[in-house]
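Chemist: sequence-free structure coming up:
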Ligand SMILES: [Zn+2]
């Protein structure tokens with residue numbers, strides 16, 4: 001009898017521990033690809049651009065690599081991880097050909113307002129009106145999480161663009177942000193030392209944005225060492241190559257980012273801390289134009305379609321619904337979704353409502 005009671009108690013304790021772990025253990029990796037269009041995500045290389053000498057140095061090579069007969073084949077060859085694996089285990093929102101729409105609620109349609117909306121859950125067209133290095137008066141979900149007892153010190157952000165320390169308000173929030181051309185600084189491992197060295201030696205094509213491999217590997221090494229529960233990674237190349245009018249590099253960069261995200265996913269599935277506990281949310285800060293053709297390079301309120309974005313979700317608890325149809329989502333829903341996943345109370349300042357993933 002005693003033994004039975006003991007067993008019962010042990011079973012109850014085990015159940016309780018199991019529950020406690022379940023309600024607390026979700027991790028979130030939030031990723032953005034700056035200004036990557038839904039058109040390429042869902043239909044692959046653009047027929048009007050892929051062989052256009054105006055925008056492509058080597059049309060034959062680019063056509064060989066990314067042009068196929070159907071949109072389905074084109075997107076698979078451009079983004080093999082997204083269309084080979086993510087589409088089977090997660091959700092892809094924003095294919096307007098299927099009437100699945102994701103829109104910004106801010107009306108600026110450029111980066112700072114886009115990131116502010118994604119990270120705070122509320123557009124702020126009154127105050128966020130430029131890409132200037134101004135400390136964000138709004139509170140991001142990274143900061144809200146860091147201010148909660150369970151999230152304190154368990155969040156980190158990495159960006160290719162040097163405005164991120166201001167968007168996240170590193171000064172006020174205390175969240176470590178490695179962005180622009182910043183080096184890794186604390187308890188460096190060998191790989192971080194080498195990354196710091198390479199970052200000095202590999203010139204970026206741009207003044208305020210570094211190449212994404214640096215952002216990616218700084219994030220990955222930090223995750224291996226510190227295991228934050230909430231990680232934000234912002235890749236930047238796609239937007240800058242598009243502004244440059246370089247469609248060849250825009251596509252190559254998108255293809256490369258697909259592989260970087262695959263590497264992150266595979267790391268989380270091999271790591272005890274993240275395995276089966278992690279949700280990936282991937283989106284973009286704005287769209288770009290299509291007509292007239294040259295507007296593919298641009299965005300902003302004057303560019304038709306630049307408010308059209310997309311959202312990808314996969315990982316713990318996310319239903320495998322694949323490509324979605326007939327829906328309307330908004331970018332301001334991402335922040336409250338992250339808070340809900342992390343079990344942080346909602347606040348009235350957040351305009352968007354959480355997504356049911
Ligand atoms: Zn831009």
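Modeler: Yes, it's here. Just so it is clear, the structure is predicted and the values come from calculations on it, not from any experiment. Numbering: from 1, shown residues only.
Chemist: Am I right that residue 150 is in a helix?
Modeler: No: the assignment for residue 150, made by DSSP: H, G, I helix; E, B strand; the rest coil, is coil rather than a helix.
Chemist: per-residue confidence averaged over stretch 42-58?
Modeler: For stretch 42-58, the mean pLDDT works out to 97.
Chemist: Start and end of it, how far apart?
Modeler: Start to finish, the residues bounding stretch 42-58 are 24 Å apart (Cα to Cα, to the nearest Å).
Chemist: Then stretch 341-357?
Modeler: Using Cα to Cα, the span of stretch 341-357 from its first residue to its last is 10 Å.
Chemist: same check, this time on stretch 227-243
Modeler: This stretch, stretch 227-243, spans 35 Å end to end (Cα to Cα).
Chemist: Same question for stretch 283-295.
Modeler: 21 Å.
Chemist: That one: how far from the chain's middle?
Modeler: 18 Å (Cα atoms, centre = their mean, to the nearest Å).
Chemist: same check, this time on stretch 151-160
Modeler: With Cα atoms, centre = their mean, you get 13 Å for stretch 151-160.
Chemist: How about stretch 226-235?
Modeler: Per Cα atoms, centre = their mean, the centroid offset for stretch 226-235 relative to its chain is 10 Å.
Chemist: got the buried residues for that stretch?
Modeler: 228, 229, 230, 231, 232, 233, 234, 235 (16 or more other Cβ atoms under 10 Å). The C-beta positions use only the backbone N, C-alpha and C, and glycine is treated the same way.
Chemist: what's the most distant pair in those?
Modeler: Distance extremes for those: the farthest pair is 229 and 235 at 21.0 Å, using Cβ to Cβ.
Chemist: what about the residue lying closest to residue 298 once chain neighbours are set aside, which SS state?
Modeler: Distances taken as Cβ to Cβ, 6 or more residues apart in numbering put residue 289 closest to residue 298, at 5.7 Å, once the chain neighbours are dropped. With three-state DSSP as the basis, residue 289 sits in coil.
Chemist: Give me the average confidence score over stretch 269-286.
Modeler: On average, stretch 269-286 scores 98.
Chemist: buried residues in that stretch?
Modeler: 274, 277, 278, 279, 280, 281, 282, 283, 284, 285, 286.
Chemist: Residue 77: which of those residues is nearest?
Modeler: Using Cβ to Cβ, residue 282 comes nearest to residue 77 of the buried residues of stretch 269-286, at 19.1 Å.
Chemist: low-confidence ranges in the protein?
Modeler: 1-24 (pLDDT under 70).
Chemist: who are the neighbours in contact with residue 228?
Modeler: Neighbouring residues of residue 228 by Cβ atoms under 8 Å, 6 or more residues apart in numbering: 27, 154, 155, 156, 222.
Chemist: Hmm, residue 230 and the second one touching each other?
Modeler: Yes: under the criterion of Cβ atoms under 8 Å, residue 154 lies in contact with residue 230, with a separation of 6.6 Å.
Chemist: Give the residues shared as contacts by those two.
Modeler: Counting by Cβ under 8 Å, 6+ apart, the residues touching both residue 154 and residue 230 are residue 145.
Chemist: name the element residue 239 belongs to?
Modeler: Element membership for residue 239 (DSSP states H and E) is helix 237-243.
Chemist: Is it correct that residue 134 falls within a helix?
Modeler: No: using three-state DSSP, the assignment for residue 134 is coil, not a helix.
Chemist: Skipping adjacent residues, who's closest to it in space?
Modeler: Computed as Cβ to Cβ, 6+ apart, the closest residue to residue 134 that is not its neighbour in sequence is residue 166, at 5.9 Å.
Chemist: Need phi/psi at the one you found.
Modeler: phi -90, psi -40 (degrees, to the nearest 10).
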